[in-house]
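Novice: got a sequence here, can you build the structure:
(2 chains)
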Amino acid sequence: MKIPLLLRVGFLVLATTAFYTYVGQMVPQKEVLPPAEIVLRTDLTTGEMVKVGREIMEGKGLCLTCHTIGSSGALRFPDLAGVAARAKTREPGLSDVQYFARSIYEPNAFIVPGFNPGMPVGNKPPVGLTDQEILCVIAYLQTLGGTPTVTLQTKHQYNAGTPAAPPSQGASPGGTQPEAPLKGEKR
Amino acid sequence: MSNGVMNRKALVLLGPVAGIVMFVAVVWMATVFVRQFEYREPYRAPAATADATPRAEGLAAERAAAETRARATPYVEAEYRTVPVVGSRVAIWSVAQLHLLFAAFVLAVPLFAFIIEVIGYKTGDLRYDRLAHEFTKLLSVSFSLTATFGAFLTFMLIILYPKFTNYLMSVFSPTFLPYVLLFFAEAFFLYTYYYGWGKFRPLVHLGLGLGLNLVGTAIMMIANAWLTFMTSPRGISDQGAVISVWDAVTNYTWMPINIHRFIANIAFGGSVAAAYAAFKFLQAETDDERAHYDWMGYIGNFVAIGAFLPLPFAGYYLAKEIYAFSQTLGLTMMGGAFSWLFIIQAVLIGNLFLAANYYLWLGMGRVEGVQPLQKVIKYLLVAITLCFMVWATPRSIVATVSELRAMGGGAHPVLGYLGVMSAKNTAVNILILTTFMSFLLYRRTGKVATVRWAKTGHSAQLAIFAAAAFIVIFLGIYGYFVEATVRIRLSVPQVSSVLIAMVSITAIDLFLFRGAARTGEVRWGKIPLISQYVLIFIAVTFTWLMGLMGYVRSGLRQHWHVYGVIRDQSVDAFTPTLGFATKVVSVTVLEFFLLIAFVFWITSLHDRPDVQRRSKAIDQTRKGGAEVI
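Specialist: The predicted structure follows:
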């Protein structure tokens, strides 16, 4: 029996698209949801901030899209393992908190040697973290080779604290009390 | 006698009386008849006298309450509206993709029809003119469908995403009038080009073809500004207020998309035209028809593959600009949510390369006699397969926890090295070189170079090939040992060496085979039937690839309408799984092929004899006369 040409061609078109659809089902299936709104309590402890900071880095902050923790070899962006120790001495005159804050608010102000600029500004879209969320991220970063010290009341040069200054004068971890209600406080 | 006279008088008197009576009777009967059957309004009791049922009262009360509520509600502009069952996103996705596929086709066909017409004009070979005309026949219906889908898409955007569409209109309203005027110009050039075939002097007709292509490209570039702005906005404040429309148009990804689409459209149009020729070849009943459509398919495929080879380079440029605009966006594309999409893309492109090469190898059989170059094919096949495997190797592998522990991470200890860009760049460049070599082998099948420097020429070509392959592979390996700042720049010399090799080898080839001796004639139409199915397979794969890449270009924004400026607040703001996306792409591709089959059918009507002539011919055949069809 001879199969009509139209049927043969139709079958070929159908089989080809079916094959590619099948390939599409074979790769990992992941639905990416928009970042959830994080509601921060004003009385978060540093330990709780660390957990929140990790969540932000994986989700809304998009940090781990580019950065790795504990990888080596040909990396595109700096690995964050042990970054807390490096941050204290990376830029003369900046404490670890100030250095982290600068890296997030002004990422192109200092580029780690061997890497290209490319990090988005943390407090503007598309990332758009609040000052409090950034403090949580800093708390988590401090755990990578150090001990977390920041609180939601910590001031630095970008959240109405003192401008970038030597560590002795700058916003020390667990620094001064806020003078005004928290800007990013949510319901 | 007197009795007879009296009777006659009585008859004379009775005659008119009887006539009057009969007339009255007829009128009376007619009146009765009409009255009986005429339409009469049924009797309706006055509303006040009708009994109000509880249901009627309830309905009236509901209507009144709804009206009161509507009057009390202030007007609120809708941000989103939904489509039942499939949802707004899938609906707009499907319509936009169909519009883009047809738009690509109507932009590409005039381009290569024009090129083929120029070749026909320069060589004086009428076959080229006929071929260009045949391609152009497909345009008229496709143009209408493109415009219809364009209007459909616009209405869908206004209805389903009114607030966002309003914003885009506020940014780009200055571009709308030029766009409409260009559309008028497009219609003018297209129809004069098509209907004026053979009616104008050749140069005037070529001028119309050139105008058609320039206007079509300009239209595409304006539309590209709208969509690229959504991915890489520029010329606006942080809050989205317009600062410079020109900057909004010339955003980061505008020119790369223009270039990428221009080339991809040619490849896509060529492949669909080749598929058309393949279908006609399979339908053909005479050797002449088969020869013509074999040649048409070959030219269509040649155009498609010729445009396909530089396409990855245009892709690099686009990706580079995406990274330049936002590293996060670039990494979301290549290393985040969409990284596995590029494995699917590798399968598609690998198939395209394999099919294109297979078609060329089958084509060698058209030439009379045994072809010594055919023995090289197996080596090319090995090279293509290896490159395909490298390109399709993922960086991280889906594995169980124990497997992940054994591997020490998501990357396989050995295969993981093939999943990085150094390996993939190398693989794609070697694929391009191999396909180019297949084409060169096909070109010289049945020919022997007779120039004095033939041996030197062949050696030089081989040396250039070897040098390009060495540079590509060396830089690919070198990339594993250097920092990111250095590695990212290595793709440029890799691409450059391949491009230089292709251009220089082609230049040598043109002179090398000038006045070449023929060892066998090309017998158009003498090719295995499977080759025609390969052409159709290539067209479907190209179309599917366009659908997939259209998805990543648009989906890359994830939960943003305009990246970083206007957030998607709709229920569809999430990024679906790749499995779901591929299903939508497949359905759209099937819809497109159904519609394109309709275009082919409509076009084929043009060449059919009309009904009267056909009936007459059948009658004559029945009577034993000669068939005149």
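Novice: C-alpha only now, for contacts and for neighbours.
Specialist: Will do.
Novice: OK, contacts around the most centrally placed residue in chain A?
Specialist: What sits nearest the mean C-alpha location of chain A, by Cα atoms, centre = their mean, is A:C63, with 2.7 Å. Contact analysis of A:C63 by Cα atoms under 8 Å, 6 or more residues apart in numbering or on different chains lists A:M57.
Novice: from B:M333, how far out is it?
Specialist: To B:M333, A:C63 is 15 Å away according to Cα to Cα, to the nearest Å.
Novice: ok, now B:V376?
Specialist: 38 Å.
Novice: residue contacts, the nearest residue in space to B:F353 that is not next to it in sequence?
Specialist: Computed as Cα to Cα, 6 or more residues apart in numbering or on different chains, the closest residue to B:F353 that is not its neighbour in sequence is B:T435, at 6.9 Å. If a contact means Cα under 8 Å, 6+ apart, then B:T435 has B:F353, B:A356, B:N357 as its contacts.
Novice: give the next helix or strand downstream of the longest helix that chain A contains.
Specialist: Secondary structure of chain A per DSSP state H: the longest helix is helix A:5-26. Tracing the chain past helix A:5-26, the next element assigned as helix or strand by DSSP states H and E is helix A:46-58.
Novice: just checking, what packs against that next one?
Specialist: helix A:63-66, helix A:131-143 (3 or more Cα pairs under 8 Å, 6 or more residues apart in numbering or on different chains; DSSP states H and E).
Novice: elements contacting whatever helix or strand comes next after the first one?
Specialist: Sequence order places helix A:83-87 as the next helix or strand after helix A:63-66, per DSSP H and E. Packed against helix A:83-87 by the contact rule (3+ Cα pairs under 8 Å, 6+ apart) you find helix A:96-105, helix A:131-143.
Novice: B:T154 is in contact with B:A96, correct?
Specialist: No - using Cα atoms under 8 Å, B:A96 is not in contact with B:T154; the gap is 9.2 Å.
Novice: comparing the two, which shows the higher neighbour count?
Specialist: Each of B:A96 and B:T154 had its neighbours counted (other Cα atoms under 10 Å in any protein chain shown), and the higher figure belongs to B:A96 (20 against 16).
Novice: check which helix or strand the residue nearest to that one when sequence neighbours are not counted maps to.
Specialist: Of all residues not flanking B:A96 in the chain, B:L153 sits nearest, at 6.0 Å (Cα to Cα, 6+ apart). Remark: B:L153 resides in helix B:139-160, with elements defined by DSSP H and E.
Novice: compute the inter-axis angle for the very next helix or strand once past that helix and helix B:139-160.
Specialist: Counting by DSSP H and E, the next helix or strand C-terminal to helix B:139-160 is helix B:162-195. Compare the direction of helix B:162-195 with that of helix B:139-160 by axes from the mean of the first three to the mean of the last three Cα atoms, to 10 degrees and you get 170 degrees.
Novice: what number of residues lie near the closest residue to B:L529 other than its chain neighbours?
Specialist: Nearest non-adjacent residue to B:L529, counting by Cα to Cα, 6+ apart: B:L282, 7.5 Å away. Burial of B:L282, expressed as a neighbour count using other Cα under 10 Å, amounts to 19.
Novice: ok, now B:G547?
Specialist: Here the neighbour count serves as a burial measure; for B:G547 (other Cα under 10 Å) it reads 24.
Novice: B:A113 too?
Specialist: For B:A113, the tally of surrounding residues (other Cα under 10 Å) stands at 22.
Novice: the helix or strand harbouring it packs against which elements?
Specialist: With secondary structure defined by DSSP H and E, B:A113 is part of helix B:88-123. If contacts are counted by 3+ Cα pairs under 8 Å, 6+ apart, helix B:88-123 sits against helix B:126-137, helix B:139-160, helix B:202-231, helix B:254-283, helix B:530-555, helix B:578-605.
Novice: which one of those helices is the most hemmed in?
Specialist: helix B:254-283 (a mean of 25; mean count of other Cα atoms under 10 Å in any protein chain shown).
Novice: after that helix, which helix or strand is next? Please name it.
Specialist: For helix B:254-283, the following helix or strand on the C-terminal side (DSSP H and E) is helix B:287-308.
Novice: who touches the next helix or strand after that next one?
Specialist: Using DSSP H and E, the helix or strand that follows helix B:287-308 towards the C-terminus is helix B:311-325. With Cα under 8 Å, 6+ apart as the test, helix B:311-325 has contacts from A:118, B:232, B:252-253, B:256-257, B:259-260, B:263-264, B:329-331, B:428, B:495.
Novice: equivalent analysis for stretch A:66-74, please.
Specialist: If you take Cα under 8 Å, 6+ apart as the criterion, stretch A:66-74 is touched by A:76-81, B:328, B:331, B:480-484.
Novice: check contacts around B:M333.
Specialist: Taking Cα under 8 Å, 6+ apart as the definition of contact, the neighbours of B:M333 are B:S339, B:V552, B:L556.
Novice: neighbours of residue 75, how many?
Specialist: Looking at chain A here, since you left the chain open. Other residues near A:L75 come to 17 when the count uses other Cα under 10 Å.
Novice: ah, I was thinking of chain B
Specialist: The local packing of B:Y75 (other Cα under 10 Å) involves 8 other residues.
Novice: list the contacts for the residue most central in space within chain B?
Specialist: The structure's chain B has its C-alpha centroid closest to B:L101; by Cα atoms, centre = their mean the separation is 2.3 Å. When contacts are counted by Cα under 8 Å, 6+ apart, B:L101 is found next to B:T543, B:M546, B:F592.
Novice: report the contact partners of B:W391.
Specialist: When contacts are counted by Cα under 8 Å, 6+ apart, B:W391 touches B:I343, B:A346, B:L418, B:G419, B:A423, B:K424, B:A427, B:V428.
Novice: mind checking which of those residues land in strands?
Specialist: Using DSSP state E, no member of the contacts of B:W391 sits in strands.
Novice: now these in TSV, with pLDDT, distance to chain A and neighbour count?
Specialist: What follows is the contacts of B:W391, written out as TSV (pLDDT from 0 to 100; distance: Cα to the nearest Cα, whole Å; neighbours: other Cα atoms under 10 Å in any protein chain shown):
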residue	pLDDT	distance to chain A	neighbour count
B:I343	86	8	20
B:A346	87	11	21
B:L418	79	13	20
B:G419	75	13	21
B:A423	88	13	21
B:K424	85	15	21
B:A427	91	19	25
B:V428	87	20	24
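Novice: test my guess that B:T217 contacts B:V106.
Specialist: No - between B:T217 and B:V106 no contact is recorded; they are 10.6 Å apart, counting by Cα under 8 Å.
Novice: confidence-wise, which of the helices and strands packed on helix B:88-123 is weakest overall?
Specialist: Among these, helix B:126-137 has the lowest mean pLDDT, at a mean of 88.
Novice: which strands and helices sit next to that one?
Specialist: Helix B:126-137 sits against helix B:88-123, helix B:162-195, with contacts defined as 3+ Cα pairs under 8 Å, 6+ apart.
Novice: let me know which of these is tucked in deepest.
Specialist: Neighbour counts averaged per stretch over those are highest for helix B:88-123, at a mean of 21; criterion: mean count of other Cα under 10 Å.
Novice: what average pLDDT does it get?
Specialist: Computed over helix B:88-123, the mean pLDDT rounds to 93.
Novice: that one vs helix B:202-231, what angle?
Specialist: Computed with the same axes, to 10 degrees, the direction of helix B:88-123 lies at 150 degrees from that of helix B:202-231.
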